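Student: Give me a model of this one.
(2 chains)
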Amino acid sequence: ETGVTQTPRHLVMGMTNKKSLKCEQHLGHNAMYWYKQSAKKPLELMFVYNFKEQTENNSVPSRFSPECPNSSHLFLHLHTLQPEDSALYLCASSHDAQNSNQPQHFGDGTRLSIL
Amino acid sequence: GQQVMQIPQYQHVQEGEDFTTYCNSSTTLSNIQWYKQRPGGHPVFLIQLVKSGEVKKQKRLTFQFGEAKKNSSLHITATQTTDVGTYFCAGRSSGYSTLTFGKGTMLLVSP
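Tutor: Modelled structure (predicted):
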């Protein structure tokens, strides 16, 4: 039990589908993150939300759309994805994204496969 | 932008042997964190180093932060099969608000 819960754990979708990934944290944190983890690549930061405000968008294609309705929940809406988007999508949280001394707590991830 | 290089990418050792992974940055880091990801799992925070030349120990794991705060290492003494996983360093450069992760070092330990 990490305190950060991601659903679904696995997702297979076609390129024309629309789906959403969900992340919920029970740690009382104010910052939430989406990362993409592909084989042989470093963890790629996609989006950062701090106190519900998006503070970082690392040149992520518009087919990925984040939503943060409150400090405990984070969504990643997916639309018209490409095969190269197949990866493990990890959600993380920390106390405050502006405080560099805080560790990040990761969820188990959603393994996404695009057909 | 920030770049954190980590070597080696992969190491296979016999149980009982030592293991070291190195992390290097072209810019000075305000702090560095280490994470471990077991196969099929998610990254788990191990430790953070903040001070120049800092050394911290966790049982068989020794973490060092270089004097110039541009490099760091993780050393495992007498590896065990439970040490299997990928070890990531993550650093934050001055002027940047987010962590940059290295590619990680995958450690395999044979019994």
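Student: which SS class is B:Q2?
Tutor: coil (DSSP: H, G, I helix; E, B strand; the rest coil).
Student: show me what contacts it?
Tutor: B:25, B:27, B:91-93, B:96, B:100 (C-beta atoms under 8 Å, 6 or more residues apart in numbering or on different chains). The C-beta positions use only the backbone N, C-alpha and C, and glycine is treated the same way.
Student: go on, A:L90?
Tutor: For A:L90, counting by C-beta under 8 Å, 6+ apart, the contacting residues are A:6, A:34-37, A:43, A:106-107, A:109, B:42-43.
Student: before we move on, what about A:S71?
Tutor: A:29-30, A:32, A:51-52.
Student: Which of those ranks first by neighbour count?
Tutor: Ranked by the number of neighbours (other C-beta atoms under 10 Å in any protein chain shown), the contacts of A:S71 place A:M32 first, at 27 neighbours.
Student: returning to that earlier point: which of the contacts of B:Q2 are close to chain A?
Tutor: B:92, B:100 (C-beta under 8 Å from any C-beta of the partner chain).
Student: if we can go back for a sec, could I get the contacts of A:S71 as a markdown table with pLDDT, secondary structure and distance to chain B?
Tutor: Shown next, in a markdown table, are those (pLDDT from 0 to 100; DSSP: H, G, I helix; E, B strand; the rest coil; distance: C-beta to the nearest C-beta, whole Å):
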| residue | pLDDT | secondary structure | distance to chain B |
| --- | --- | --- | --- |
| A:H29 | 95 | coil | 13 |
| A:N30 | 95 | coil | 14 |
| A:M32 | 96 | strand | 13 |
| A:F51 | 92 | coil | 13 |
| A:K52 | 91 | coil | 16 |
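Student: Name the residues that touch the least confident helix or strand in chain B by mean pLDDT?
Tutor: Taking mean pLDDT, DSSP states H and E as the measure, the helix or strand of chain B with the lowest value is strand B:100-101, at a mean of 90. Under the criterion C-beta under 8 Å, 6+ apart, residues A:42-43, A:45, B:1-4, B:35, B:88-93 lie in contact with strand B:100-101.
Student: wouldn't A:Q6 be in contact with A:L21 here?
Tutor: Yes. If you go by C-beta atoms under 8 Å, A:Q6 and A:L21 touch, sitting 6.9 Å apart.
Student: okay, and the common contacts of these two?
Tutor: Joint contacts of A:Q6 and A:L21 (C-beta under 8 Å, 6+ apart) are A:89, A:91, A:110.
Student: Between the residues you listed, which sits nearest chain B?
Tutor: Closest approach to chain B among the shared contacts of A:Q6 and A:L21 (C-beta to the nearest C-beta): A:C91, at 9.3 Å.
Student: residues contacting that closest one?
Tutor: Shown in contact with A:C91 (C-beta under 8 Å, 6+ apart): A:4, A:6, A:21, A:23, A:25, A:32-35, A:74, A:106-107, A:109.
Student: That one - nearest residue in space that isn't next to it in sequence?
Tutor: A:C23 (3.4 Å; C-beta to C-beta, 6 or more residues apart in numbering or on different chains).
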